[in-house]
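# Sharing a model prediction with you, sequence too.
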Amino acid sequence: IPTDQVAQFAPKLRRVAYIWSPQLIDLCNLLPRVLHRASRVHTLIESYGLLTYGPITVLPPIEGGKEHLLTFHSQEYVDLLEFLNEEEDSEKWMEKKEEFGISCDCPSFPRIFEVAKMIVGASLTGVQALTSKEYQVAINWTGGWHHSRRDEAAGFCYVNDIVISLLKLTESFKRVLYIDLDLHHGDAVQDAFAHTSRIMTVSFHKYSPGFYPGTGSVEDVGYGRGRYHCVNVPLEDGITDVVFYTVVKRVMFEVQKAYQPSAVVIQCGADCLVGDPMNSFNLTLKGIGNCVDFILRWNLPTLLLGGGGYHTPNTARCWTQLTAVALGVRLKSEIPDHQFFLEYGPDYQLEITPSNRPDLNTKDCLRTTVQTVFRRVRLVF
Ligand SMILES: CN(c1ccc(C(=O)NO)cc1)S(=O)(=O)c1ccc(-c2ccccn2)s1
Ligand SMILES: [Zn+2]
């Protein structure tokens, strides 16, 4: 093939921005429900040599400030986080804590405000990388906190870096698509944009009586100008790689055709993996990796964010694999020797094995859900 025609056959090489600094990791290691997860994720990615691979650039996060948080959160909530940063006692703020969701699910902890600003700064650095047109993919594995509300911490989420990033992206991109692959419904992101067509939110999640947050039924479609710009795909326990990938591919194919987004944000919560303490889905790195690969092949500016993921080694495995998918490289199965190597026992392999738990998603139920979604997505113009 003449050299000038080779390019059209080579998979597009993507320039990838990986948002990282030692301070970002040190602060995110303090998050109470994912203690020290940030350092495991980053160190495994580094141990595979991915950060010195050509098309990747490591970008330090910009200093997130109060003004960034205030693009979504209320002044009172931001003031509370700032007050709690120093962990001083004061009657006034003590009873307020409960009112703002700072409680057992989202306990206060030292440097809480610095952590919130740093996470938002990191996700906004990813947005900046995409709007600069210098990168096709931007990655912030410390972001993805989809339950945090305007004036309330919720579901282990203190600050909604996703909403803040989506708002920023709409300044440069006409239609922005948000895809939530976390085990839980991306409720606060959906609600933030339920009345607008500028952002379309699509969430694949477990939907079962009593399971957090309890929202995200297929009937949940948005309101007014935002009607049909919220897509919810409720799923049952035990879903496997092939079934999940088939559902995601079919739904996302229709969404891309109907909405024709100009930028994408994917929340890649790893609590949907087999072995997670949430003990719900039966996915492995292949399943979630194929879903992210499918969306990246649209070659749209895409921000990859973290989220849930409570089996720390598996979460590190997952986001290492997704970083490799973004770069288009295959990783060897053997976990490289590194500081936390012993935490990957007893097999010390990258891949994880599905369990033999039953898949409660029946073919009929999935077909009905997908057909319902198709009918509505085709109403999006
Ligand atoms: C507050 N909850 C959430 C909320 C959001 C998430 C999440 O990951 N969202 O993406 C996880 C748990 S919750 O009530 O379901 C739980 C609290 C503690 C839980 C737990 C703790 C240990 C093992 C299994 N589950 S679940
Ligand atoms: Zn989750």
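The structure has been received and is ready for your questions. Numbers count the residues shown, from 1 in each chain. Ligands and ions are numbered 1, 2, ... in the order given.

# Per-residue pLDDT of T3, please?
Looking at T3, its pLDDT reads 65.

# I meant V6, not that one.
So V6 comes in at 58 (pLDDT).

# Likewise for the one 4 residues further on?
A10 carries a pLDDT value of 57.

# For whichever residue of the stretch 201-350 of the chain sits closest to ligand 1, give me its contacts.
Using C-beta to the nearest ligand atom, G308 is the residue of the stretch 201-350 of the chain that sits closest to ligand 1, at 3.0 Å. C-betas here are computed from N, CA, C, even on glycine. Contact analysis of G308 by C-beta atoms under 8 Å, 6 or more residues apart in numbering lists 144, 156, 182-184, 269-272, 276, 278.

# Dump the residues you listed to a markdown table, plus neighbour count and pLDDT.
Shown next, in a markdown table, are the contacts of G308 (neighbours: other C-beta atoms under 10 Å; pLDDT from 0 to 100):
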| residue | neighbour count | pLDDT |
| --- | --- | --- |
| G144 | 31 | 99 |
| F156 | 20 | 98 |
| D182 | 26 | 99 |
| L183 | 26 | 99 |
| H184 | 28 | 98 |
| G269 | 27 | 98 |
| A270 | 32 | 99 |
| D271 | 22 | 98 |
| C272 | 28 | 98 |
| D276 | 21 | 98 |
| M278 | 21 | 98 |
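
# quick one, helices of the chain?
Taking DSSP state H as the criterion, the chain carries its helices at 3-6, 22-28, 37-47, 66-69, 75-85, 91-99, 112-131, 161-169, 187-192, 241-259, 285-296, 312-327, 363-377.

# Looking at those helices, spot the one closest to V265.
Set against V265 and scored by C-beta to C-beta, those come closest in helix 161-169, at 6.0 Å.

# what about the closest one and ligand 1, touching?
No: for helix 161-169, no contact with ligand 1 is found by C-beta under 6 Å from any ligand atom; the gap never falls below 11.2 Å.

# For that helix, name the packing helices and strands.
Helices and strands touching helix 161-169, by 3 or more C-beta pairs under 8 Å, 6 or more residues apart in numbering; DSSP states H and E, are helix 112-131, strand 176-180, helix 187-192, strand 263-267, strand 302-305.

# Could you list the low-confidence segments of the stretch 101-250 of the chain?
Scanning the stretch 101-250 of the chain for pLDDT under 70 picks out no residues.

# what residues does it put near ligand 1?
Applying C-beta under 6 Å from any ligand atom, we find that the stretch 101-250 of the chain lies next to ligand 1 at 105, 147, 155-156, 182, 184, 212.

# Taking these, tell me the two that lie furthest apart.
Taking C-beta to C-beta, no two of those sit farther apart than D105 and D182, at 15.6 Å.

# about what we covered before: turn the helices of the chain into TSV, including mean neighbour count and distance to L350.
Converted to TSV, these look like this (neighbours: other C-beta atoms under 10 Å; distance: least, C-beta to C-beta, whole Å):
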stretch	mean neighbour count	distance to L350
helix 3-6	8	31
helix 22-28	18	21
helix 37-47	22	9
helix 66-69	18	35
helix 75-85	19	37
helix 91-99	12	41
helix 112-131	25	25
helix 161-169	26	27
helix 187-192	23	30
helix 241-259	18	15
helix 285-296	20	7
helix 312-327	24	6
helix 363-377	15	29
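
# Export the ones you listed to CSV and append columns for distance to ligand 2.
Formatted as CSV, these follow (distance: least, C-beta to the ion, whole Å):
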stretch, distance to ligand 2
helix 3-6, 43
helix 22-28, 16
helix 37-47, 13
helix 66-69, 22
helix 75-85, 22
helix 91-99, 23
helix 112-131, 16
helix 161-169, 13
helix 187-192, 11
helix 241-259, 15
helix 285-296, 13
helix 312-327, 11
helix 363-377, 20
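
# Nearest to Y348, out of the ones you listed?
So among those, helix 312-327 is nearest, using C-beta to C-beta, at 10.0 Å.

# what's the neighbour count on T196?
By other C-beta atoms under 10 Å, 15 other residues sit near T196.

# V265 versus the residue nearest to it when sequence neighbours are not counted, what's the distance?
Nearest non-adjacent residue to T196, counting by C-beta to C-beta, 6 or more residues apart in numbering: G226, 5.1 Å away. G226 sits 17 Å away from V265, going by C-beta to C-beta, to the nearest Å.

# Those two - which one has more neighbours?
Per other C-beta under 10 Å, whichever of G226 and V265 has more neighbours is V265, with 29 against 19.

# The more buried one bridge partners, please.
Y178, L303 (DSSP bridges).

# My guess is it contacts S165. True?
Yes: with contact defined as C-beta atoms under 8 Å, V265 reaches S165; the gap is 6.3 Å.

# anything in contact with each of these two?
303, 305.

# show me what contacts T131?
T131 neighbours (C-beta under 8 Å, 6+ apart): 168-169, 171-173, 301.

# which among those residues gets closest to L70?
Using C-beta to C-beta, K168 comes nearest to L70 of the contacts of T131, at 13.1 Å.

# Could you report the separation of the spatially closest residue to S355 that is not a sequence neighbour from V329?
Nearest residue to S355, sequence neighbours excluded (C-beta to C-beta, 6+ apart): V274, at 5.4 Å. According to C-beta to C-beta, V274 stands 24 Å off from V329.
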